[in-house]
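Asks: give me a model of this one.
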Amino acid sequence: MMIRTKIVTGAAAALTAALVAGCGSTSDSGGGSDAGGGGKSGKVGVDLPLLTSPFWQAYNDYVPQMAKQQGVDILPTVNSNSEPTQQITDINNLINQNVRGLVVAPLDSAAIVAGLNQADRKGVPVVAVDVAPDKGKVAMVVRADNKAYGEKACDYLGKTVKEGKVVQIQGDLASVNGRERSEAFRSCVKSRFPKLKVLEIPAEWKSEKAASGLDSLLNANPDLKGVYMQAGGVYLAPTLQVLKSKKLLFKAGDPKHIAIVSNDGIPQEFAAIRSGEIDATVSQPADAYAKWGMYYIKAAMEGKTFQPGKTDHGSEIVKLPSGILEDQLPAPLVTKANVDDPSLWGNSVGK
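Replies: Below is the predicted model:
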């Protein structure tokens, strides 16, 4: 079914026009519903997990653009700098500034619950972006299917490498993203490509851990055939630097080339694909994260709710085991064949 927004406030016609203009794909009747109240407005706080990654830098740039497009009044974004405890403090500080809504990208799927509970006690709706909390109350999670990330990387490496050692440079396993990408990659290799041997580096979304881990791993495994980087934004540069220092960085097409698949879809990955340094990446939609994060927080502040099903913007809302709803946005695989596609956000950021 199609997910649509139902507006029952007195200013329905004007608000519907604003929503359609802002979203481009949401109409004013159907599966959505009003959860009472409605018509609320006010400042929205936006918390970032970190700004050391080009992906999150791009998201940060998109946030004010999409907020303006959606008619959402935001405070300056707050950076929690990779610290889950700081993120809880940041959420409390924003609540104390009397925000009427929060858009948060959780660092730790369990730890974020303390912040969600505080927001719930104050009646402040929350939209989670990129990472789903393990539990707690959120109006919507805006995210891509992270299991599909691991599966796409497995499929590409399995068909390219066929046999030998591959390593996945993992994200933070305290995050559901790191867990899902790791488990999906591992499970896919085991079931579909049994001639591959999976090695792992738990790098916690930190470039220095990726570099030191890969350096040590290559000392023991110089015959490595493939790499899966779970976050190109923080792992691309250190991975290429380590391979170069070990004299193992060969371009695609060279028999000695180590196949590399990434996640994020940043311009730097696209440049590396074009040059043959890496082979592919899964484009995580920084622009759509900002767009639909702003859309859903506005809807939540107005009292709207949603149901599982296909949306009219090319995604699907699913109910997680926790009962939380998640809008799973498309995340295409990018290779040399489609790296110049102008519809990819990595080809338009900064333009």
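
Asks: for this protein, which residue is closest to the average position?
Replies: residue 130 (3.6 Å; C-alpha atoms, centre = their mean).

Asks: you'd agree it is up against residue 143?
Replies: Yes. Taking contacts as C-beta atoms under 8 Å, residue 130 lies within contact range of residue 143: 5.7 Å. (C-beta placed from N, C-alpha, C; glycine too.)

Asks: hey, what's in contact with both of the two?
Replies: Here residue 130 and residue 143 have residue 289 as joint contacts, going by C-beta atoms under 8 Å, 6 or more residues apart in numbering.

Asks: quick revisit: residues contacting the residue nearest to the centre of the chain?
Replies: 49, 105, 106, 142, 143, 177, 284, 289.

Asks: need those in TSV (columns: neighbour count and distance to residue 135).
Replies: Shown next, in TSV, are the contacts of residue 130 (neighbours: other C-beta atoms under 10 Å; distance: C-beta to C-beta, whole Å):
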residue	neighbour count	distance to residue 135
49	26	19
105	23	17
106	32	12
142	28	18
143	27	16
177	25	16
284	28	24
289	26	22
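
Asks: between these, which is closest to residue 80?
Replies: In terms of C-beta to C-beta, no member of the contacts of residue 130 lies closer to residue 80 than residue 49, at 5.9 Å.

Asks: pLDDT score for that closest one?
Replies: What the model reports for residue 49 is a pLDDT of 97.

Asks: can you pull the phi/psi pair for it?
Replies: Backbone torsions for residue 49, taken as degrees, to the nearest 10, come to phi -80, psi -40.

Asks: which residues in this structure form helices?
Replies: 12-23, 54-70, 84-96, 112-121, 146-161, 176-192, 207-220, 232-245, 267-275, 286-301 (DSSP state H).

Asks: mean pLDDT for those: which is lowest?
Replies: helix 12-23 (a mean of 33).

Asks: would you mind measuring the gap between the ends of stretch 200-212?
Replies: By C-alpha to C-alpha, to the nearest Å, the extent of stretch 200-212 from end to end equals 13 Å.

Asks: mind listing what's buried along it?
Replies: By neighbour count with 16 or more other C-beta atoms under 10 Å, stretch 200-212 contains the buried residues 200, 201, 202, 203, 204, 205, 206, 207, 209, 210, 211.

Asks: got the contact list for it?
Replies: 50, 52-53, 82, 167-173, 175, 178, 182, 213-214, 217, 229-231, 234-235, 237-239, 241-242.

Asks: likewise for stretch 219-228?
Replies: 150, 153-154, 157, 160-161, 163-169, 185, 196, 199, 214, 217-218, 239, 246, 248, 258-262.
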